[in-house]
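Asks: sequence-free structure coming up:
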């Protein structure tokens, strides 16, 4: 009887491995290096991740204000005539303040009008600020150099590099060790990821292991060498992936339930 149980267990394990291999073969690009999904042993501890500074949002009649520990971001809005209700107010300018430093971005000249500032985070060095703002469809990501006052619209940076379908920058976070920012970009059907170094003006595009539909969260590990992100594929199924900047490889870590996703989302800005 004991031998029979052992044989049966072996058959079940082999069957599970065969099924998992079949799923991976169909879901992931076999031309890139991918580690197996070890769902039964995988765990994700919040202690792995960076501590992200929190900003508080306040509103008044014509300003959207985000206040952090040392940085304040103020978006000045104006009324727009003959526009849909949700576009009745647009952002004319954004002022980033730190101590005696004030940097102004004239967003009224952007190709698409900005409607709201949805999140703000400063880099580990405090020299850069990332501002996510919404437009009629999707979000933009603006990086501001507090030393020089120069700003970069990441959406335009990607378009100039030849990338297409840049409808939104959905998720992002600064590295806890360097002035580098990881972000996801794409449209409602496709999500890709990249890491931008604004000092060197370089962009590193992460390998896509499957046709991610969306990416809801990006978190760097405290070491600054690894980052995790949660992407959707297929529809309504989320998987946590891990990118190692040393070997430039991505591996799927585990499937994420909605409850787990909400818990990890609390670590974000």
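Replies: Structure received. What you see is a predicted model, and the numbers here were worked out from it, not measured in a lab.
Asks: continuing past the worst-scoring helix or strand of the chain on mean pLDDT, what's the next helix or strand?
Replies: The helix or strand of the chain with the poorest confidence is helix 2-27; it has a mean of 37 (mean pLDDT, DSSP states H and E). On the C-terminal side of helix 2-27, the closest following helix or strand by DSSP states H and E is strand 56-60.
Asks: For that following strand, which outside residues touch it?
Replies: Here strand 56-60 makes contact (C-beta atoms under 8 Å, 6 or more residues apart in numbering) with 64-68, 117. Backbone N, C-alpha and C define where each C-beta goes, glycine included.
Asks: which one of the residues you listed is nearest residue 212?
Replies: The closest of these to residue 212 turns out to be residue 117 (C-beta to C-beta; 25.9 Å).
Asks: Let's see which of the contacts of strand 56-60 end up in strands.
Replies: Counted as lying in strands by DSSP state E, out of the contacts of strand 56-60, are 64-67, 117.
Asks: which stretches of the stretch 1-150 of the chain aren't confidently modelled?
Replies: Where the stretch 1-150 of the chain drops to pLDDT under 70, the residues are 1-43.
Asks: Now residue 174. Nearest residue, chain neighbours left out?
Replies: residue 123 (4.6 Å; C-beta to C-beta, 6 or more residues apart in numbering).
Asks: what's near enough to touch the spatially most central residue of the chain?
Replies: For the chain, the residue sitting closest to the mean C-alpha position, by C-alpha atoms, centre = their mean, is residue 171 at 2.4 Å. The contact partners of residue 171, taken as C-beta under 8 Å, 6+ apart, are 183-184, 215-218, 229.
Asks: switch to 7 Å and redo it
Replies: Listed by C-beta atoms under 7 Å, 6 or more residues apart in numbering, the contact set of residue 171 reads 183-184, 215-218.
Asks: re earlier: I'd assumed residue 176 was in contact with the residue nearest to residue 174.
Replies: No. Residue 123 is beyond contact range of residue 176, at 9.5 Å (criterion: C-beta atoms under 7 Å).
Asks: Can you classify the closest residue to residue 83 other than its chain neighbours by secondary structure?
Replies: Spatial nearest neighbour of residue 83, excluding adjacent residues (C-beta to C-beta, 6+ apart): residue 90 at 8.0 Å. For residue 90, the assignment made with DSSP: H, G, I helix; E, B strand; the rest coil gives strand.
Asks: I'd like to know how far residue 172 sits from residue 252.
Replies: 21 Å (C-beta to C-beta, to the nearest Å).
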